[in-house]
Structures are given as structure tokens and as C-alpha cells.
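coordinates for the following, if possible.
(2 chains)
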Amino acid sequence: MIDSDSVKNLAGHPFDRRDFLKVLGWGGAAAALSGCGNTSIEDGKETVVSYVEAKDYVIPGVAVYFNSTCAQCDAGCSITGKIREGRVLKLEGNPESPINKGKLCGLGQAAVQHHYNPDRVREPLLRKGDKGEAISWEKAYALINEKLAGVKGEEIALLSGDVSGHQKVLLGNYMDSLGSKNHFVYEAVSPAVVRAANLKFYGVEMPRYRIDKAKVVLSFGADFLGTWVSPVHFAQQYAAFRKGVDGQRGVLIQAESKMTLTGANADRWLAVRPGTEGILALGIINALGVSTGDVAELVKDYDKARVSRDTGVEPSNIDKIAALLKLRSPSLVLAGGAAEGYVHGMQNAAAINLLNQVLGNVGKTIEAPVSVPFPQMAPSKGRTAALKDLNDGLAAGKYKVLFNVATNPVFTAPASYKFRDNMAKAGFKVAFAHYLDETALQADLVLPLDSEMEDWGTHVPEYLADTVQINIQQPLMERLHANTRGMGDILLALVKQRRAEEYKAFDDYYGYLRSAVLQNKAALGGAGSDDDTFWNDTLSNGIVKLSGASGALSLKVDVSGLKLPAPKEIDEQYPMNLIPAVTSNLRDGRHTNQPWIQESPDPLTTIVWDSWVEMHPKMALQLGIVEGDIVKVTSKTGSVSAQVYLFPGIYPDAVSIPIGRGHDAMGRYAKGYGVNPFEIMDAVFESATGELAMHETRVNITKTGQRVIVVKDEGPAGGRQMGRKIAARVSTDQVDLSKEV
Amino acid sequence: MSVTNLLDNWAAVRHFHPIDDKPHDPYKWAMAIDLDACIGCNACAVACYAENNLPVVGREKFKHGQVMHWMRIERYWEEDGRDFPDQGFQFLPMMCQQCEAAPCETVCPVGATNHTQDGLNSQIYNRCIGSRYCSANCPFKVRYFNWYDYPTTENVWPAEMNYQLNPDVTVRGKGVMEKCTFCVQRLRAAEVTAKGEGRIVREGEVQTACQQSCPTGAISFGNLVDPESRVHKQWQAQQVDLDKDAQEKNQKEGGTDLRGYRILEELRSYPSVMYLERVRESAV
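Numbers count the residues shown, from 1 in each chain, chains lettered A, B, ... in the order given. Model (predicted):
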């Protein structure tokens, strides 16, 4: 049994550190690395020193495993870290988590490269002209205190990404102690419009989707296998869905303007004119012919001919889909990023939700979520509108002090925001950062954060697969750099500056978390066990599972406000739609400096290490463009130049550039690779929610005359198999799945 | 020997591993990959980088075809004159097929690539002289050559990044060939543990890194000669025999309604990986 003291020691407790787990691991690595030559140990420069007193759970050569939580995205997958000789080597999924059930995506795997990244910030840095000067933490804290003196609460702003658990509690309490209500929760890529539409329709922002119970899934651009909400969880549901309910294999239909990973796995992929997803949904309701009253009235004009003309989907496909949806029930209809990224995004999402209601899916494949019993810890989800509000405030000179918790708005704000300039208007800018990214470079004080493998924390995922779960984050190894700190420890130190009395009992964030968990032991399922046992069990499990109440969805069908605009006329000057693609590896670009991510081929194009402009071969032929041509993509806002990749999975009037590359800072693996589509994104907003309408930008394409070799994994044959049976395919009527194991 | 004679008497010319007096006992490691479950997400490939100390070669070397991904996701689409790939793409995880009569083995001038008792096609790094004949002879193109000394190449494993290296797996130097090993370090550990306890490795006791991470569970791996293993059951249900170069089920009139197949089976390399065809709905 590991007592709480040892756990503290293993974690490299900041105020009570011991030089334990240090020596052996590094020697081994040097030997492995230097091949045939002498190691520094053999050379006598280093000495192998055995422990005077070996800990009973550290056996050289034998791995130990600790549970924690993945922080690469906000899905909240639980992880098990393999640790040997004090080094974390590999992450696996924790089988006990209902969210990821032992599985982990490539992005999650790459978290070790975030932890060991050579470009991490290692010292608190204070701006001296263009340079950062390393200072001590005491000085940094004192400086913050000094800069806050005399500043009114409303002049202080804090920007963070998605946040939950005790970090959210401390953040809230700190802002409260400053008398500020300006906590902006921002994520560059988030399904905020769908959340708003869901809230209106189902009474909750994020219901539980049961892909595994559905016989047909019709997804309007929801990339649930790649990037949407909780991809690893949905991928597992998808596997069950393909195996089938009652032996009938699930059918996936994906309607979107640019193929996503999910679209690439569809039984039928429909290329939809950008922005007409809602029209297609109403067209399908019309073709179903089962609605009455208001709904029938709403869809009566959406006959096949018109819908086909507007959306580009063939009438026969609309018929087939309607027939299939009628025949196989329950089904599930999803609205994703591609549907919500327009001025009328909310209307699109509402039309799609209405289709679910018409099909009778609500309550069958769309269930009420469990509610988190501790609202203070429940997740605050980021919105792009939050950044707009902050930016407006900064532009107006409202804020004197700006805290930025590891977000990168200089990189992810549309260029027209002029965020970099506006940020300069705040007198004192503090960035809590892992890397010197574009935003941290603009700060006056950069405070280096621990990696997720060095830090403590609790997280409550937004999308709960089963019961309520509080995910535990704990250090998997000793802190790699002496002068980084956990965000929790920093917040605790800062809040102590204001409310010393209330927080004096807690030496550090570890102590705070332990007290917090033990204080509520009974509610967390630990009634009857003693403190040490319960705390150790909690850490050992990595998850606290609670039974949460799950009510019914309060469905509210009101179609009176539902009105979809006709497809936009083609703009002569900017004839193409720009689709900024969210890819499963890169997401919003915060992980681009992890080399496995850079070298992991994009699943659809197989391109690595660079950006590209996806263009339909037909359109390319028309424009006289071939693969590798460098084209200039120009919008009203600006232009970028990148290589063309001919890609058949895109609506011909659209081009797509992936988000996440085009960094001009951050680190050696990110800087200088590719272009950033945010630089040409027009600032157009969704009308009901104020979210950035990311798919509304129109562009034109001009050749620059340059051509490069596209660096990609596919061979010269491209997507063709040259008559060989390599990746074989069979249709359902030719195969008997019932005999399978 | 004429080509006709060679083709007619292949079995006599080419030994099948392991040869008769040493049958697959107690292990024959094999795999089955369900392409209908595979979503092409790349989790397996990244897991392989993490487990097997694969170097990240960078943009320039990638351009020259020097990428070292032991596991890659191949991606295909049917062209047949349509405007859009309206039945999606086809993804195929491709790695060493651990052939029973591996074409790479016969051409190695120094015997660096061998067949093991438990049915793996092994690569002995410090015997390899880098002739690259094996790679030339591999029908699946899954062998990767160290054109550079990656451990000392800038930004491959810079300080701290090297701490992630798996101590159970050798870091390869310049001039040697490498490839997927079915995570042999995990197999050996499990085999040794089992032997110490006087039993054989049980189903589920050992997983390859790719299998462990796969979000849809598309990859199954295990001991093909263990009737309890999922892999054994899958191969049997799909009527795919390890030692055939043409499966009986395909000879039947009207073909088969089973979807198990091996890639380039007709080349008689007897791969140890069975794929299950991707399924697409006929109603839409």
C-alpha cells in the first residue's frame, strides 16, 4: 500500500521535494542513445548510484502504472501512464473509464511529447524590451500583486479555455477576490452553436447521443469519429453501431461540404452546397411525408426538386435516405461544425434537431445527460463569442491587466480582430504558458506551467458517457524542470495574496485537493473508509464515479422562428467558399509542436508537415491547376499561399485549408510549417449566438506559378489500387455477417 | 530451373515456416483486422511510434520517402468515373504481415531476418549489413531503412525527448533495416512470465500497441493455434487457412459470403494477417 506521503514524494511535491527517482533513468537513456560509442557513464563523467533505500514499489526494469486524465482535448479520457525508473514512457487508456474504456487516440498518445518537449518554457520570464529575463517565482508573484494595486475589478480580464473541477473553483475564487467578473472562456473550435440550439430544443446543451442504439445515423458535418465532442467515446459507440442492433448493421450517412474523417467512413457521403444543411434536413422531413400541423406547413415548400437544386444532392438520394429512415428506426441525426459555421448556423441546427423529433428519436437515441451534482465544478465551455467580447473590451481600452491561461488567441483570432494590437493596449499582460507561442510572446510576464504529467487536478468532462465522473489528474513523474509550476499552485498562491486567511490551511494545490476531496468523502462514495485509504483509492482509480440523476429531456418544438435563407448567390469577386478544416490531429493548433502530430499523416489527404488547399479535381481542371501548384487564396480580409491537393471529397465550389499549422512561434516543430487560415477568415458572426461563423468566408484562387512536390504518405498511384485486391470492399447484400465471431 | 518448374513445384522449393519437425507449438502469433471497424484515425500508428522508438524524420526526409512508420494507414478511393467518393474512403492499416514464407528472408545475404519459433519474421539489427534486398523483395513495402543515424540527428530525440524512449526496445542506428515486430518485447515478456508459471500465454494477456489503442477495436491479435483465442476463431469463421495460397471458399461457384482475406495471398508468402473486407450498405 502506498501511503499518502510516498505519493506526495513521487509527485515531486514543490515545497517538499526529494531527490528520489532521479539517477537511474537518465543513465539508461544515455546508454540506449549513444549506440556503439561510450556512454557518459562508461566515460566516467556520470556515475551510477543505487538508492540507499529503494522504495518498495520502484524496481529497476519493472514498470509501474499510475492513472490520470488526458488533457490534450476536453473529452476527459482517463489514461494509465507506464512509468519506469521515474520516467513516464507511454500512455494507454484506462479501461475503467466509461468514456474511453481503455482506448486512446493519437493525439492523446502524443501527450508525452508535450511533457518532454524541448521547447517548453522553463523559467518565469519578464519582458525587458524584446527579450525575456528569467526571474524568480517570488518576484513574479510580487510583481503581479504590485501591478494589481489600485486596479479596479472591472479593469481585470482573464482568458482561459474550457475549465472544470477545482481549477475552475480556484479561478472563480481568484477572480472574485479581485472583484472581477471578466472571466472569458474561449475555445477556437467548439460546438457552441449546436449547444445553443440543443438548449432551445431539448432543454440541455449536450444530450447523450446513442450512436450504438441507432440503426441509421445521419450526420450533417458532425465529425464524431475525428474531432467532435468526445471522439474516442463515439468511435467505440460507432464500432457497436456497425456490429448492429438485433444483428442489423448500422448505416452511416454523412452530409457535408468537405469530407471529414467521419464522412470518409460513411455508407453514403453527400456533397452539400455549403450552408444548405438545414434545407436538406427540411427536404428530408418533406420526403418522409409523416409530419402534420406546423411542421408540415414549414416543410411544404421543400420539395425534392427545390432541395436538390439548392443543396446539390440528387433527388434519388433524398428518396433513398427518407425510405431508409422510415424503414429503420430508431435513427439519430447529428448537427456538427459544418452546419453551424454560418450566419444562420442556429437555424441549420434547429432544422436538423427537428428532423430528430419527426423521426421519433428523442428519448431513444438522444437521452438526457446526467447532471453534475456540484455545479461549482461543472465544466465551463468555451465560445468564440467570448474572444470577440474580450477583444472589443481590449480595443476600447477597458482592461489594464490581462491574464491568459494557456490559450493562444493571437494565433486563433481572425486577423481582422487585430488581437495582437488590442492586447498591447492592456498595460500588464500575464501569460500562463507551456510554450512561447504567439500569445505568450506578446505578454509582459510569462509564467511556465507544469505539463499535465506533472500537475494535480480534477476534471469533470462535459460529455459524460455513463455516470457522473470526476477525473483525477496526478503527476506521473517528478517535475522535469525545476521552475515550472502547476496552474493550481499558481492560482492558490495568487488567491492567497488576496484572501490569505481563507486559504492559509493549504500549503499547496495538492493539499487543497486532498482536503477538498476528503471533506466531501461521504458524497464521493468514501463513507466509512478512513482518509488515507480513500485518498489512495481515489488516486489509484484515477476516477471518482458518482451516481447522478438523469431526468427526461424537455422537448420544445417551436418551428415559428425557423427560417432558412436561400443559398447565397455566387460572388463574382470571391467565388469560392473557404472551409477551415478541423483535423483530428491538429485541432486548434495547440499541439502542433508535438512531432508525432506533425508526422502523423492527415487521414484523408495523407499530407504531413504542411498545410494544403483542398480542391475538387473538376474545379482544378477548370482553373488549370494541378497538384502541388502554389495558389494564393484571397478573401476580403487577406491572403495566404499554399500548395494545392486535388481531393474529390469536397463540394466543387469550395476549398479547404486545415486549421492548426502556420505558427510563427511556439517551437522547432511548429514554427514555419504551413499557413494559418485564421489570417484570411472574415469576421462574420452567427446571428443568434454571436459565435464566429467560420464557414462564411468567400475567397478567390490565383496561381502563383510556383509548384512543389506535396509531402505526403500516399504513393504515385494516389487513391487507386491498380486492380489489386488490397483494401477490399463488399456490399451488405453480398455478405453474411451473422456467422462472424 | 525453369520458371514453370519453379511455380509448379513451389512447395518443394520453398520451405514453409516452421518446417515440419518443428510445428507451431505452442505459439503462432497472428492478427485479424476488421476494415469495417477501422476508421483510419491513426491512433495505432502513433501508438507504434511511442512503443517502438520510431524516429520522427521531419519534412525533408519524409519527402524523400524515408519515413519510418512501421504501421501506416493506406487510404484508397474508388474512381470509376464518379464526381465524389460517395461511399467514403477505404482505410487499411498496413504493417509487416509476418509472412510464413517471407520473401524478405530468403534474400538476406547475412541471415539477419529470420523466422522465429512462434511465427514471427524477426530482424536481427546487429547482424544486418544494410543491403536492403529484403525491402526490395517485400511485396507489402513495410520494411524501413535507417538512412541516417537518427539518435544523433538533430531534433529527432533532442534533450528530454529521449526520456520517452522505451527501454525495452533497441534504438536503431544508421544502416540497418527495421520493421513491425508484432511488439515482440511485449510477447517475450508474456511468454517468459507464462513459462515461469508453467502454462502458455492466455488469450487477452498480451496486446500489441496498435491493438491496445485502437478506439474501435478493429485489431485483434493472439495465438492462432490456441482454439480459445479470438484470432483463431475469426480465421476459422472466415475460412482462411494460413498455409493456402488460394482459399477454398473462393473456389466455390458464386464465390463466398465471408469477408476474410489476405493481401496478395497469391504470391505465396502466407501472411499472418487476415483482413476483413469493409462493408458498405447496398440500400443507399
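
just after the helix or strand of chain B with the lowest mean pLDDT, pick out the following helix or strand.
One helix or strand of chain B scores below all others by mean pLDDT, DSSP states H and E: helix B:10-13, with a mean of 60. Note on helix B:10-13: by DSSP states H and E, the next helix or strand toward the C-terminus is strand B:29-34.

please name every helix or strand in contact with that next one.
If contacts are counted by 3 or more CB pairs under 8 Å, 6 or more residues apart in numbering or on different chains; DSSP states H and E, strand B:29-34 sits against strand B:219-223, helix B:230-237, strand B:273-276. (Each C-beta comes from the backbone N, C-alpha and C, glycine too.)

what's the closest of these to chain A?
The minimum distance between chain A and the helices and strands packed on strand B:29-34 falls on helix B:230-237, with 4.3 Å, by CB to the nearest CB.

got the angle between that closest one and strand B:219-223?
Here helix B:230-237 points in a direction 100 degrees away from that of strand B:219-223 (axes from the mean of the first three to the mean of the last three CA atoms, to 10 degrees).

could you give the number of residues near the closest residue to residue A:738 other than its chain neighbours?
Nearest-residue entry for residue A:738: residue A:247, 6.2 Å, with adjacent residues in sequence omitted and distances by CB to CB, 6 or more residues apart in numbering or on different chains. By other CB atoms under 10 Å in any protein chain shown, 8 other residues sit near residue A:247.

and what of residue B:4?
If you count neighbours by other CB under 10 Å, residue B:4 ends up with 8.

which secondary structure element contains it?
Using DSSP H and E, the secondary-structure element containing residue B:4 is helix B:3-8.

just to revisit the earlier point, can you redo the helices and strands packed on strand B:29-34 as a markdown table with mean neighbour count?
Shown next, in a markdown table, are the helices and strands packed on strand B:29-34 (neighbours: other CB atoms under 10 Å in any protein chain shown):
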| stretch | mean neighbour count |
| --- | --- |
| strand B:219-223 | 25 |
| helix B:230-237 | 19 |
| strand B:273-276 | 26 |
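
any low-confidence regions in chain A?
A:1-57 (pLDDT under 70).

how is it partitioned into domains?
A:1-118+A:472-482+A:505-547, A:125-187+A:382-448, A:192-367, A:576-725 (automatic domain parsing).

OK, contacts around the residue nearest to residue B:84 when sequence neighbours are not counted?
Of all residues not flanking residue B:84 in the chain, residue A:271 sits nearest, at 5.0 Å (CB to CB, 6+ apart). Residue A:271 sits next to A:256-257, A:312-313, A:649-651, B:83-84, B:86 when contact means CB atoms under 8 Å, 6 or more residues apart in numbering or on different chains.

mark which of these are buried, thanks.
A:256-257, A:312-313, A:649-651, B:84, B:86 (16 or more other CB atoms under 10 Å in any protein chain shown).

using the three-state scheme, assign the nearest residue to residue A:698 once chain neighbours are set aside.
Spatial nearest neighbour of residue A:698, excluding adjacent residues (CB to CB, 6+ apart): residue A:574 at 3.6 Å. Here residue A:574 is coil, with the state taken from DSSP: H, G, I helix; E, B strand; the rest coil.

from residue A:635, how far out is residue A:574?
7 Å (CB to CB, to the nearest Å).

joint contacts of these two?
Shared contacts of residue A:574 and residue A:635, counting by CB under 8 Å, 6+ apart, come down to A:698-699.

between the two, who's got more neighbours?
A direct count of neighbours by other CB under 10 Å for residue A:574 and residue A:635 places residue A:635 higher, at 22 against 17.

could you pull out the strands for chain B?
Using DSSP state E, the strands found in chain B span residues B:29-34, B:72-76, B:90-94, B:113-115, B:121-123, B:144-145, B:177-178, B:219-223, B:260-261, B:273-276, B:278-280.
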